[in-house]
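Trainee: This is a predicted model, with the sequence first.
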Protein chains: 2
Amino acid sequence: MNVQAASDSLVEQCRTLARRAKLASRSLASASGAAKDRWLRGAAEAIRAGADAILEANARDVEAAPGFGLNAAAVDRLRLDVKRIGQIAASLEEVAALPDPVGEVIEAYRRPNGLEVSRIRVPLGVIFMMYESRPNVTADAASLCVKSGNAAILRGGKEARHTNLALHAILADQLDAAGLPRDAVQYVGMADREAVGLLLGMPECIDLAIPRGGESLIRRVVAEAKMPVLKHYQGNCHVYVDASADVTMASAIVVNAKAQRPGVCNAAETLLVHRAIAPRFLPEVARELTDVGVELRGDAASRAIVPAMKAATAADWDTEYLDLILAVAVVDDLDAAIEHIARHGSGHTEAIVTSDLAAARRFVAEVDSSAVLVNASTRFHDGGQLGLGAEIGISTDKFHARGPCGLRELTTSKWIVFGDGHIRG
Amino acid sequence: MNVQAASDSLVEQCRTLARRAKLASRSLASASGAAKDRWLRGAAEAIRAGADAILEANARDVEAAPGFGLNAAAVDRLRLDVKRIGQIAASLEEVAALPDPVGEVIEAYRRPNGLEVSRIRVPLGVIFMMYESRPNVTADAASLCVKSGNAAILRGGKEARHTNLALHAILADQLDAAGLPRDAVQYVGMADREAVGLLLGMPECIDLAIPRGGESLIRRVVAEAKMPVLKHYQGNCHVYVDASADVTMASAIVVNAKAQRPGVCNAAETLLVHRAIAPRFLPEVARELTDVGVELRGDAASRAIVPAMKAATAADWDTEYLDLILAVAVVDDLDAAIEHIARHGSGHTEAIVTSDLAAARRFVAEVDSSAVLVNASTRFHDGGQLGLGAEIGISTDKFHARGPCGLRELTTSKWIVFGDGHIRG
């Protein structure tokens, strides 16, 4: 993003917005948990009470949607009704019920010289969240950022602009009501696409960028951001069915991992099957998958067993279908499965189905993904399912947060040292 | 860095080196603590036994040093003798004595549905370390990376090239001897400066870049790196002397923070003094600082009390002197001190000297630095002093590691989930 290319007034608007967020973050960092929860509960009430205004704004977005080229599924994701508004409000109350991560003593000890050292959890500062059509993200992201003591800068898709602005107005009013700084949640309302690039170039004010959406959005943000980015590009997730697997369990896990919700990042995209179990396992799992509408694309060895499969091409091993399609390969052994995952995986989620302890231990140790599961569906790699309460996304990065990112992952730590006049000798 | 600008053969060399590191990191990740410690102890022995060869290589570097424009202090940092070689070896043994961070169970619990969830500590992968003249960093960085299960790619300054290569040869030979992959520690021996830029553009093989040296090196690395960078730009550290401070304690802390070792990042650069204590405190601390050779640069209020001070300019508040110079300002109250630090600090280390509990608590809560000290010298912000055993650097970033970075900060986590055929409903 070339700052010179944007108009002076847009640069100034973005700078003001970012500086206000930074200032708000300073007072938010020491806000009490009670005040933050008061805001969350107040906002939930106000969203329910303001349903008519939100629905009116949403109707404008839905009406304009065809003009943005949205298909029927995308319009459905955009559309709110009273039930969905109730869900948005309920999510805020769920976040209110979670423990406040700020101030947690991560560790504390006394050094031999009497210095008292502790490491405590503190907010990151300002989080810039970019996301696509679903308007509920406006409330979800704001709630997680503020609960973890961070100011939020939100930028939703232009196709949901009126809905997002209506939700944001309520969230901001309720910050006032709760005695928290109104600038703790700001919405980037400027229509200009350049605003995002400008904000991504302000690391002095923004501590973290979180893009939520398609891979192209994420790649653009990573390319432009001068601050850290919390992200995953893809979830090219694998299920490996070991020689010793229980065939019934393995089928149930593969069907669940692929078909329970195929459009999400923790759905399985490739099935790897140990050569020894393939003749027994593949016909059964192929039948079950086909019954629920999954298209199979197999390598030569798989197709020798299940000839009805389409032939996989080289590209299939690297594709995140996000659809009812599954690539299938027969592997010689555990080593070959681990090697396939190392070569083609996206480091998101991998599962092994096995009854062999040694195989389970090696898979867990050697597969370098953010979550590795044994005898469980990849679909469990999720903040709610793993007990984090809520998640702002899943990180496949190794630096800072890896895996599901809840409130704790939106914080950092600070070292605190108490002495009695200690000086170094 | 434009890859097209570098020669094809250099690109290929860098790619090969980075890929070898990645491969080595995979087997190093599951290497036993015993094997890693065997390597560290073997390398210590071999460095002592190989002192003659190291000194010979070092003599070549020292001879060539004036040609690189090194001044006497820099040549001294470059020069090794038998004692310094002994210290390098001893550091390796100290790292061997530290606990292995890999495999630590960070948390583990059972979900209501019976899923067993754990988060364990795993290596980052491949670490690219760039550093300037001191050759001991070659051994220190290699030891911390390998002990934490990471492969290391090392690039020291050209002025220490022969010494670094001699040390590296010993470290690599000892990897063989300990049964660890030789490529776990590689030295970027290519003279081409472009090699660094090429490696910084290989995030698929390198997980973390650590520049250690002057701010210009660090800014170059941050600008070019496509992977995360562990760093601090500056240590513009403050000591704030509160109204309630014990004057004798405060003087001792300020003198220690400024003068005990002025050239390091945790030395104090600015002294802030509460208006109420300034008339009593400033003359005493000015005398003590002047006695040890510190030049003072004060604001108008300070110079009204100690007229011998030079006048500070606006630039002084933002300068990391790394020298026997201290900026001095009188502030109206604690709020003004916190505001000054927010505006001018580098987020590295700040200390308060006070006997007032409320002031200590507010300073600790509101100063947003990686380490905040109460009644102790800023010089304690150091991995060794805080009990981390050894440190590879200090991070002022908020994302991932903040403060002193030891073995633990060179790791990430992995989520492990055990089920009994769990699928999502």
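Mentor: The structure has been received and is ready for your questions.

Trainee: Flag every residue of the stretch 201-350 of chain A that's near chain B.
Mentor: Within reach of chain B by C-beta under 8 Å from any C-beta of the partner chain, the stretch 201-350 of chain A has these residues: A:Asp207, A:Leu208, A:Pro228, A:Asp246, A:Met249, A:Ala252, A:Ile253, A:Val255, A:Asn256, A:Ala257, A:Gln260, A:Ala342. Using the backbone N, CA and C atoms, a C-beta is placed for each residue, glycine as well.

Trainee: Report the distance from stretch A:60-74 to the chain centre.
Mentor: Relative to its parent chain, stretch A:60-74 has a centroid offset of 24 Å by C-alpha atoms, centre = their mean, to the nearest Å.

Trainee: What sits closest to the single nearest residue of the stretch 251-400 of chain A relative to chain B if chain neighbours are left out?
Mentor: Residue of the stretch 251-400 of chain A nearest chain B, by C-beta to the nearest C-beta: A:Ala376 (2.9 Å). Setting aside the residues directly before and after it, A:Ala376 is nearest to B:Gly419 in space (C-beta to C-beta, 6 or more residues apart in numbering or on different chains), at 2.9 Å.

Trainee: cool, A:Gly42 as well?
Mentor: A:Gly42 sits nearest to A:Gln174 (C-beta to C-beta, 6+ apart), 4.4 Å away.

Trainee: Contact partners for that neighbour?
Mentor: Residues counted as contacts of A:Gln174 (C-beta atoms under 8 Å, 6 or more residues apart in numbering or on different chains) are A:Trp39, A:Gly42, A:Ala43, A:Ala46.

Trainee: Quick one: these as a markdown table, columns for secondary structure too.
Mentor: Output for the contacts of A:Gln174, formatted as a markdown table (DSSP: H, G, I helix; E, B strand; the rest coil):
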| residue | secondary structure |
| --- | --- |
| A:Trp39 | helix |
| A:Gly42 | helix |
| A:Ala43 | helix |
| A:Ala46 | helix |
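
Trainee: Quick one, which of those residues are buried?
Mentor: Buried members of the contacts of A:Gln174, scored by 16 or more other C-beta atoms under 10 Å in any protein chain shown, are A:Trp39, A:Gly42, A:Ala43, A:Ala46.

Trainee: From one end of stretch A:222-229 to the other, what's the distance?
Mentor: By C-alpha to C-alpha, to the nearest Å, the extent of stretch A:222-229 from end to end equals 6 Å.

Trainee: per-residue confidence averaged over it?
Mentor: Mean pLDDT, stretch A:222-229: 92.

Trainee: So what touches it?
Mentor: Residues outside stretch A:222-229 that contact it (C-beta under 8 Å, 6+ apart): A:1, A:128, A:196-197, A:200-203, A:206-211, A:218, A:221, A:231, A:399-400, B:228, B:397, B:399.

Trainee: likewise stretch A:136-143?
Mentor: Here stretch A:136-143 makes contact (C-beta under 8 Å, 6+ apart) with A:40, A:43, A:47, A:84, A:87-88, A:91-92, A:95, A:127, A:129, A:131, A:152, A:154, A:156, A:163-164, A:167-168, A:171, A:185, A:187, A:210, A:212, A:390, A:392.

Trainee: Filter the residues you listed down to the ones in strands?
Mentor: Among the contacts of stretch A:136-143, the members falling in strands (DSSP state E) are A:Ile127, A:Met129, A:Tyr131, A:Ala152, A:Leu154, A:Val185, A:Tyr187, A:Ile210, A:Arg212.

Trainee: Can you name the two of those that sit furthest apart?
Mentor: Using C-beta to C-beta, the two most remote members of the ones in strands among the contacts of stretch A:136-143 are A:Val185 and A:Arg212, lying 16.4 Å apart.

Trainee: Help me confirm that A:Leu334 comes into contact with A:Val273.
Mentor: No. Using C-beta atoms under 8 Å, A:Leu334 is not in contact with A:Val273; the gap is 11.9 Å.

Trainee: Just the CA coordinates for the longest helix anywhere in chain A, please, in PDB.
Mentor: Longest helix in chain A by number of residues (criterion: DSSP state H): helix A:8-28. Provided in PDB are the C-alpha atoms of helix A:8-28 (Å, rounded to 0.1, in the frame of the first residue of the first chain):
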ATOM      1  CA  ASP A   8      -4.500  13.100   2.600                       C
ATOM      2  CA  SER A   9      -7.900  13.100   4.300                       C
ATOM      3  CA  LEU A  10      -8.200   9.300   4.200                       C
ATOM      4  CA  VAL A  11      -4.700   9.000   5.700                       C
ATOM      5  CA  GLU A  12      -5.700  11.500   8.400                       C
ATOM      6  CA  GLN A  13      -8.900   9.600   9.200                       C
ATOM      7  CA  CYS A  14      -7.200   6.300   9.500                       C
ATOM      8  CA  ARG A  15      -4.400   7.800  11.700                       C
ATOM      9  CA  THR A  16      -7.000   9.400  14.000                       C
ATOM     10  CA  LEU A  17      -9.000   6.200  14.300                       C
ATOM     11  CA  ALA A  18      -5.900   4.200  15.100                       C
ATOM     12  CA  ARG A  19      -4.600   6.700  17.600                       C
ATOM     13  CA  ARG A  20      -8.000   6.800  19.300                       C
ATOM     14  CA  ALA A  21      -7.900   3.000  19.500                       C
ATOM     15  CA  LYS A  22      -4.400   3.100  21.100                       C
ATOM     16  CA  LEU A  23      -5.500   5.600  23.700                       C
ATOM     17  CA  ALA A  24      -8.700   3.600  24.500                       C
ATOM     18  CA  SER A  25      -6.600   0.500  24.800                       C
ATOM     19  CA  ARG A  26      -4.500   2.100  27.600                       C
ATOM     20  CA  SER A  27      -7.500   2.600  29.800                       C
ATOM     21  CA  LEU A  28      -9.100  -0.600  28.800                       C
END
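
Trainee: Cool, thanks, signing off.
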